[in-house]
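S.K.: Everything below, folded, please.
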Amino acid sequence: MNLPSLSLSLVDGSGRVLQDATLDTTSLVATFVPIPLPFKFQLSGSTAAGRPFQRISRSLIKAKNVLLRLQRGIGYKTLECGSTLRMSFVLYYNGAQGESFDITVNSSLVVKTATNSTKRAIQIPDPKIVANSMKNRNVFFTVRLKTPQNVSGILNEWDTIQVTVKRVPVWSDADVTSFTEHFKVTCRH
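M.R.: Take a look at the predicted model:
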């Protein structure tokens, strides 16, 4: 392969070039600013024998403006009766300082109440809005999952918790991200 001949582009599903990336052909590291459209990578160049080639990645990539990562709470796979689990997150944002984000948390487990209606088994505080106020564009927040003392109707059941973060206002799918984890309800009593 003729390394100096290599170039990398972002292309749409039909192969039309949307943007060129900067490719360091000595280290084979590319840099580019993600675009708000789905794209594939197209690598072009010539072989050592001088024959031209072109390769396009198989999958379309949808870039995100927001990226959510669990920072603390990793490894917890149970929700213990009568306790509160705190999960700390960091939100990375590729945008301007001062943006706001709506955070919602959903739980899949429900229980019947005395009046025969249903409610969430795991109590989650009201949704909140956090602001990106730091220069490094990271937003830190904590989600609390409170398990009731009496878990007889949900003991050993699995609960799916989904944390969703949306930029306010949402301009595209790139402004929404989520984290999903599964927890087993337990009680040591």
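S.K.: From here on, just use CA atoms for contacts and neighbour counts.
M.R.: Fine.
S.K.: what's near enough to touch Val176?
M.R.: Each residue near Val176 by CA atoms under 8 Å, 6 or more residues apart in numbering is listed here: 64-66, 164-167, 170.
S.K.: Ignoring the adjacent residues along the chain, who's closest to the residue lying farthest from the centre of the chain?
M.R.: Residue farthest from the centre of the chain, counting by CA atoms, centre = their mean, is Ala49 at 43.2 Å. The shortest distance from Ala49 to any non-neighbouring residue, by CA to CA, 6 or more residues apart in numbering, is to Met1 (7.8 Å).
S.K.: is it true that the one you found touches Pro52?
M.R.: No: applying CA atoms under 8 Å, one finds Met1 not in contact with Pro52, separated by 9.9 Å.
S.K.: Overlap of the contact sets of these two?
M.R.: Common neighbours of Met1 and Pro52, counting by CA under 8 Å, 6+ apart, are Ser46.
S.K.: sorry, back to before: tell me which element the residue farthest from the centre of the chain is part of?
M.R.: Here Ala49, judged by DSSP states H and E, is contained in no helix and no strand.
S.K.: Can you report phi and psi for it?
M.R.: Dihedral angles of Ala49 (phi, psi; degrees, to the nearest 10) stand at phi -80, psi 0.
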